[in-house]
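Colleague: Sharing a sequence plus its predicted fold:
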Amino acid sequence: MDDYPLTVTEEHGARGDLAQHLPAIHAAMASAAADVWSAPPFELTIVLSGDLAASIADREAGFTPERLGGGTVGGKTIPVQRDYSVAEMFVGAPAGDDFNHLEWIHTVLHEYGHVILGRLRAAAGTRPPYPTRDQTLPEITAIWAYEAADEYRCELLSDHLMKALQQSGALSSPDPSVTINLELLMHDRYRSTLADLLNSVVHPGWADLVDSHLDGDIHIVDMFNQLVAETGYVLKVLAYADALERTAGRGRILDHFLDHPGVELYLGSAWNPIVELLENTSFIPPLSDFADVDTRLQELGQGIVDMWGKLGVTGYLTAWNTLKVDAESPIR
C-alpha cells in the first residue's frame with residue numbers, strides 16, 4: 001500500500017533467498033494496519049542481516065545481543081522518527097544449515113507488531129515525551145509495563161498470523177498435520193528461562209543486591225540501575241511465557257511457580273494485574289481504543305514501584321529534578 005512503503009536491504013552477508021517473502025507479508029500487515037487498527041501511515045525499512053548484532057551496533061551504541069538468562073536477540077525494531085512514522089526493522093538472516101525458516105517468519109511477524117504498536121502509541125498520544133530530567137519511579141515503570149505488554153502482544157500477533165498463513169497455504173511445516181504456532185517453535189523454552197531467572201536473579205538475587213549496597217559493596221546508583229534493567233528483562237520474559245501459555249491454553253505462567261518466594265513476595269503482585277488487563281482487551285487495540293487501554297496499562301506500572309518498595313528501594317525527585325534513591329533492608 002502506498003501509505004506504508006517498504007524498503008528491503010541486505011547486509012553483513014545475509015541470506016539471499018529471504019527478501020522475496022517480505023512483500024507479501026508486508027502487504028497483509030499494511031492492510032491490517034489501515035483497516036483493522038487505523039494506524040497512521042509509516043515508512044518501513046527491513047534490514048536482513050547475516051550478523052544482526054553488528055547491524056544494530058552500527059546504529060545503536062552499546063547494543064549487546066546477549067540476554068539475561070541466556071539466548072540472543074533475533075530481531076529488533078528501531079524508530080528512526082520517535083513517532084514510528086519512519087522505522088527500521090532488523091532481522092537476523094545468517095547463512096548456515098541450522099537456519100530455521102519458521103522461527104525467522106515468527107521474528108518478522110513479531111517485529112511487525114512493534115512497528116504497529118509504536119505507531120499507534122504515538123498517534124494515541126500515550127508515548128511518554130523524551131525525558132528532559134531524571135524520571136520518577138512511576139515514569140520508569142510505566143515504560144516497563146507497556147514494553148512488557150508489547151512483547152506479549154507481538155507474540156500473540158505472530159501466533160495468530162502463522163496459523164492464518166498456514167491455513168492459506170502460504171506457510172508450511174515439515175509435518176503438514178502439525179499446526180504452526182508458538183508452542184511448536186518455543187516448546188518450554190520460556191518456562192525454563194523463567195525458572196532460571198527466578199532462582200538466579202529474582203530471589204534471593206534482588207534482595208542480596210540491595211543488601212550488597214547496604215553493606216557498602218556497591219554504589220546505590222549502580223545497584224538501582226541493575227535492579228531496573230533486570231526488572232525490565234524479567235517482565236519481558238514473563239510476557240513471552242504468558243503469551244505462549246495463553247496460546248497453548250494453559251492459563252498463566254506464574255501459576256506454575258506460586259510457591260516460589262520471588263513470585264509470592266515480588267513478581268506476582270506486579271505482573272498479574274498487567275496480564276489480566278491484556279487478557280481482557282484486544283491484543284492490539286485499534287487507535288480508537290488505544291489511549292484508554294494504554295493509559296490503564298501504564299498506571300499498572302505502580303505495581304512495579306510497590307515491588308521495589310518491598311525490596312527496600314524507593315525514590316523521589318529533588319528540587320533540582322534529579323532522582324534521589326534510598327534503600328533499606330528488603331523484605332525476604
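Modeller: Received, thanks. Residues are numbered from 1 along each chain as shown.
Colleague: Can you name every helix or strand that the longest helix seen in the chain contacts?
Modeller: Among the segments of the chain that qualify as a helix by DSSP state H, the longest is helix 137-168. Helix 137-168 sits against helix 101-124, helix 182-186, helix 220-247, helix 268-279, helix 287-299, helix 302-310, with contacts defined as 3 or more CB pairs under 8 Å, 6 or more residues apart in numbering; DSSP states H and E. Bear in mind the C-beta positions are built from the backbone N, C-alpha and C, glycine included.
Colleague: Let me have those helices in a markdown table, extended by mean pLDDT and mean neighbour count.
Modeller: Listed next are the helices and strands packed on helix 137-168 as a markdown table, based on pLDDT from 0 to 100; neighbours: other CB atoms under 10 Å:
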| stretch | mean pLDDT | mean neighbour count |
| --- | --- | --- |
| helix 101-124 | 96 | 22 |
| helix 182-186 | 90 | 19 |
| helix 220-247 | 97 | 20 |
| helix 268-279 | 97 | 19 |
| helix 287-299 | 98 | 17 |
| helix 302-310 | 98 | 19 |
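Colleague: Nearest approach to P40 belongs to which of those helices?
Modeller: Set against P40 and scored by CB to CB, the helices and strands packed on helix 137-168 come closest in helix 101-124, at 5.1 Å.
Colleague: quick check, distance from that closest one to the centre of its chain.
Modeller: Remark: helix 101-124 is offset 10 Å from the chain centroid, using CA atoms, centre = their mean, to the nearest Å.
Colleague: I'd like to check the angle between that helix and helix 287-299, please.
Modeller: Angle, helix 101-124 to helix 287-299, by axes from the mean of the first three to the mean of the last three CA atoms, to 10 degrees: 90 degrees.
Colleague: Just the CA trace of helix 101-124, in PDB.
Modeller: Output of helix 101-124 as PDB, limited to C-alpha atoms (Å, rounded to 0.1, in the frame of the first residue of the first chain):
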ATOM      1  CA  HIS A 101      12.800 -20.700   8.400                       C
ATOM      2  CA  LEU A 102       9.700 -20.900  10.700                       C
ATOM      3  CA  GLU A 103      11.500 -19.100  13.500                       C
ATOM      4  CA  TRP A 104      12.600 -16.400  11.000                       C
ATOM      5  CA  ILE A 105       8.900 -15.900   9.900                       C
ATOM      6  CA  HIS A 106       7.900 -15.700  13.600                       C
ATOM      7  CA  THR A 107      10.600 -13.000  14.200                       C
ATOM      8  CA  VAL A 108       9.400 -10.900  11.200                       C
ATOM      9  CA  LEU A 109       5.800 -11.100  12.300                       C
ATOM     10  CA  HIS A 110       6.700 -10.300  15.900                       C
ATOM     11  CA  GLU A 111       8.700  -7.200  14.900                       C
ATOM     12  CA  TYR A 112       5.900  -6.000  12.700                       C
ATOM     13  CA  GLY A 113       3.800  -5.900  15.900                       C
ATOM     14  CA  HIS A 114       6.300  -3.500  17.400                       C
ATOM     15  CA  VAL A 115       6.000  -1.200  14.400                       C
ATOM     16  CA  ILE A 116       2.200  -1.100  14.600                       C
ATOM     17  CA  LEU A 117       2.200  -0.700  18.400                       C
ATOM     18  CA  GLY A 118       4.800   2.100  18.300                       C
ATOM     19  CA  ARG A 119       2.800   3.900  15.600                       C
ATOM     20  CA  LEU A 120      -0.500   3.500  17.500                       C
ATOM     21  CA  ARG A 121       1.100   4.700  20.800                       C
ATOM     22  CA  ALA A 122       2.500   7.800  19.200                       C
ATOM     23  CA  ALA A 123      -0.800   8.600  17.400                       C
ATOM     24  CA  ALA A 124      -2.800   8.000  20.600                       C
END
